[in-house]
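[1] Next come a sequence and a model predicted from it.
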2 protein chains.
Amino acid sequence: MTARLIGIDWGTSSFRAWRMDAAGRVLDSLDTGPGILAAGQEPGGFPGALERAVGPWLGRGVPVIASGMITSRNGWVETPYLPLPLDAAALAGALVRHRAGLGDLHFVCGAVDGADGPAPDVMRGEETEIIGHLAAAGHDQAQGLFVLPGTHSKWAQVRGGRLAGFRSVMTGEVFALLRDRSILGRLAVPGPFDAPAFMRGLDAGRAQGPLLARIFAARSLALLERLAPAQVADYLSGLLIGDEVARMAPPPQVPVTIIGRGDLAERYRIALSQAGAAARIAPPGMARQGLWTIARKAGIV
Amino acid sequence: MTARLIGIDWGTSSFRAWRMDAAGRVLDSLDTGPGILAAGQEPGGFPGALERAVGPWLGRGVPVIASGMITSRNGWVETPYLPLPLDAAALAGALVRHRAGLGDLHFVCGAVDGADGPAPDVMRGEETEIIGHLAAAGHDQAQGLFVLPGTHSKWAQVRGGRLAGFRSVMTGEVFALLRDRSILGRLAVPGPFDAPAFMRGLDAGRAQGPLLARIFAARSLALLERLAPAQVADYLSGLLIGDEVARMAPPPQVPVTIIGRGDLAERYRIALSQAGAAARIAPPGMARQGLWTIARKAGIV
């Protein structure tokens, strides 16, 4: 098979790449590599990091398409944020081309919601995963609510086959700060996943009152030995995800599609199900599918 | 004047001490010294730190009374948490006496609210400040709502002259984590107090939706250059305090007394006033007054 496209999902602390043939089939893939924080500090910067990661794939006129934080101010080439509603054609038409010694690179734009409103929001990379899911699912997914768990989880609304609105929640980053650097974290020790602690956290997440009071109560529970040190992190995880789901208030019975992997996607599935939503986890590969779809629309492949 | 009592308000990162005569008048005072985190690591530990800070005051049978985190597990002598409702007599009756080479030390207990409920809460030190305020204000303050801003701000309800309920909110600690260690903080630069940014933050704090989404929106505002780098911290401060006040929902027209100092007390006064509460800042000296009141009830002085 001849390679026709290299797709890269390049985030703050992650790097995933795929080498695809003319039909979008995967010839090779790479699941690890330096995120932009690490890559920006390597010798040769981003070009050097790219060459070390996927050097043997490059050259011979195979174009590269990349999405994620690599297109941010701290990335390689900064691309604009496109307004909503947004589809694959709009993203294809706005690709930012960059000629490098390694060949032609094409950077996907981010998306902005409510740029002039009181609470604007931005994304880079998740738009590509949503486009990938829409392409894979076809007309089944012309409408719907999507959740992309992560450092900054995204809740996205799709209408008429286009990304129509979204909101970011800083759940993953604040979880890590509280676990690793707060007074609460000092009472925690690592342990295997503790489902009862996570479920107790979900209950506290649904409750009323300031979130920062409910987090302090977790510390009091630990101090009073009503939460074991190995349970603190899972309780906190449930509390933050439970608060997020309760406040985002997905309408009951409306299907919610989780685009994500592993343990974190499963935590959101449990939280959404508990809140009465019809949650399902999307099949893997949405970022690659989105990169392929945008590249096809742009006529790169 | 002969000294009859040494009072110490000894917190995680603060140390304040007063030398008082038989009428509770201040003969000497000290506003700085090592908090328990620093003192615990000094040569000689807590006794050494105490002697270095107030050595010339000690001895000759003058008793010492101390409250705050010095009575916690990471402090000098751990005291129990007393249940509510709580008054000066109960705190006096439960003082924990510790004989040291330096003389007799008396450690004040903490307080616990809802020890068996789903969201227990604890305090150490603030109970003494509230007792001090009740003693100073007399019958005027037999009922009321108090706010003690800080790393972990406390909202306390007083009924019949006793501490009847309280809730802690992790506002100060989370503010510092976000400013110093999060993606939002990377867009911030220090600057003088920016009142318009603080007021915009208060508006965002009152809004609905997940707190962690509204914090992420602050980052988007900065990224889109709708918030200047020197405004980010004050916007965030307003957002967190505004969320705290809105979710604690003090009943309108009910006076709220702020026990605290300086800039932070003033921020809470503005936020409470904006929310329709009749906020006032208590005169200074409540911790010293509380220590004196408890020592008198206990017959130490």
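    It's in. Residues are numbered from 1 along each chain as shown, chains lettered A, B, ... in the order given.
[2] Output stretch A:8-25 in CSV with nothing but the alpha carbons.
    This file holds the C-alpha atoms of stretch A:8-25, laid out as CSV (Å, rounded to 0.1, in the frame of the first residue of the first chain):
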residue,chain,number,x,y,z
ILE,A,8,-1.3,13.9,13.7
ASP,A,9,-3.3,14.6,16.8
TRP,A,10,-0.8,16.7,18.8
GLY,A,11,-1.8,17.9,22.2
THR,A,12,-0.2,19.6,25.2
SER,A,13,1.1,16.3,26.6
SER,A,14,0.2,13.8,23.9
PHE,A,15,1.2,12.9,20.4
ARG,A,16,-0.6,10.3,18.2
ALA,A,17,0.1,9.8,14.5
TRP,A,18,-1.3,7.6,11.7
ARG,A,19,0.0,6.8,8.2
MET,A,20,-2.9,6.2,5.9
ASP,A,21,-3.4,4.9,2.4
ALA,A,22,-5.7,6.3,-0.4
ALA,A,23,-8.8,4.8,1.3
GLY,A,24,-8.0,6.1,4.7
ARG,A,25,-6.8,2.7,6.0
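[3] which residues in the stretch 151-300 of chain A form strands?
    Assigned by DSSP state E, counting those that start in this stretch, the strands in the stretch 151-300 of chain A fall at A:153-159, A:162-169, A:255-258, A:278-281.
[4] Residues of the stretch 51-200 of chain A that sit close to chain B?
    For the stretch 51-200 of chain A, the residues in contact with chain B (CB under 8 Å from any CB of the partner chain) are A:73, A:112, A:115, A:118-122, A:152, A:167-171, A:173-174, A:177-178, A:181-183. C-beta coordinates here come from the backbone N, C-alpha and C atoms, glycine included.
[5] and these, which are buried?
    A:112, A:119-122, A:152, A:167-171, A:173-174, A:177-178, A:182-183 (16 or more other CB atoms under 10 Å in any protein chain shown).
[6] So which of those residues are in helices?
    Among these, the ones falling in helices (DSSP state H) are A:171, A:173, A:174, A:177, A:178.
[7] Excluding sequence neighbours, find me the nearest residue to the third one.
    Spelled out, it's residue A:174. Nearest residue to residue A:174, sequence neighbours excluded (CB to CB, 6 or more residues apart in numbering or on different chains): residue B:212, at 5.6 Å.
[8] Near that neighbour, how many residues? Count them for me, please.
    Counted with other CB atoms under 10 Å in any protein chain shown, the neighbours of residue B:212 add up to 22.
[9] Next one: it, what pLDDT does it get?
    At residue B:212, the pLDDT value in this model is 98.
[10] Does it touch residue A:245 like I think?
    No - at 11.9 Å, residue B:212 does not count as touching residue A:245 under the criterion of CB atoms under 8 Å.
[11] mind listing the helices for the stretch 101-250 of chain A?
    Using DSSP state H, counting those that start in this stretch, the helices found in the stretch 101-250 of chain A span residues A:126-137, A:171-181, A:195-206, A:211-223, A:232-248.
[12] Show me what the second one is packed up against.
    Contacting helix A:171-181 under the criterion 3 or more CB pairs under 8 Å, 6 or more residues apart in numbering or on different chains; DSSP states H and E are the following elements: helix A:232-248, helix B:171-181, helix B:211-223.
[13] Equivalent analysis for the fourth one, please.
    Here helix A:211-223 is seen to pack against helix A:195-206, helix A:232-248, strand B:121-123, strand B:162-169, helix B:171-181, helix B:211-223, helix B:232-248 when contacts are counted using 3+ CB pairs under 8 Å, 6+ apart.
[14] switch to 6 Å and redo it
    Helix A:211-223 sits against helix A:232-248, strand B:162-169, with contacts defined as 3 or more CB pairs under 6 Å, 6 or more residues apart in numbering or on different chains; DSSP states H and E.
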